[in-house]
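Asks: Got a predicted structure here, sequence first:
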Amino acid sequence: MPHLKELHKKLNEKGLEIVAIHTQGSKDKVRDFVKEQEIPYRVAVDKADEKGGKESVTIGRHIVDSYPDYYLIDRKGVLRYADLANGEVDKAVEKLLAEK
C-alpha cells in the first residue's frame, strides 16, 4: 500500500489513475482502512460471483493469484499488462505514461 500511495503522489498529475479492488471477504473493513491509511485513490469492493460464493467476480475472471496483483490499462482503455510483479510496476507505468 505505501508504494501505491507513493506512485499516486508522484505520477497522478502525469495521468496515472489507480483503482484498487478489494475482495468480498474484506468489504466490511474497506471504508475504515481507506480512511485510516489516507488512501488518495479510488478503492472499490469487488462484486460477489453469480452463485453467491465467496469468490469475487474480478478474481475469477482475471485469475488473480496473488495480493496485490497489478493490471495496467492504457489511455485508450486497453489492458496492456496483467499479473505484474511488484518490481515490474514502476517501469511499466512509466512506459505507458510516456505514450501519447
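Replies: Structure received. Numbers count the residues shown, from 1 in each chain.
Asks: What are the boundaries of the strands in this structure?
Replies: Shown for the chain, the strands assigned by DSSP state E span residues 19-22, 42-45, 70-73, 79-84.
Asks: Can you add mean neighbour count, mean pLDDT and distance to K9 and give those back as TSV?
Replies: Every C-beta, even on glycine, is put in place using the N, C-alpha and C of the backbone. Shown next, in TSV, are the strands of the chain (neighbours: other C-beta atoms under 10 Å; pLDDT from 0 to 100; distance: least, C-beta to C-beta, whole Å):
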stretch	mean neighbour count	mean pLDDT	distance to K9
strand 19-22	16	84	15
strand 42-45	14	85	15
strand 70-73	16	88	17
strand 79-84	14	88	20
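Asks: distance of the nearest residue to Y71 once chain neighbours are set aside from E13?
Replies: Spatial nearest neighbour of Y71, chain neighbours left out: A82 (5.1 Å); criterion: C-beta to C-beta, 6 or more residues apart in numbering. Using C-beta to C-beta, to the nearest Å, A82 is found at 26 Å from E13.
Asks: Lovely, talk soon.
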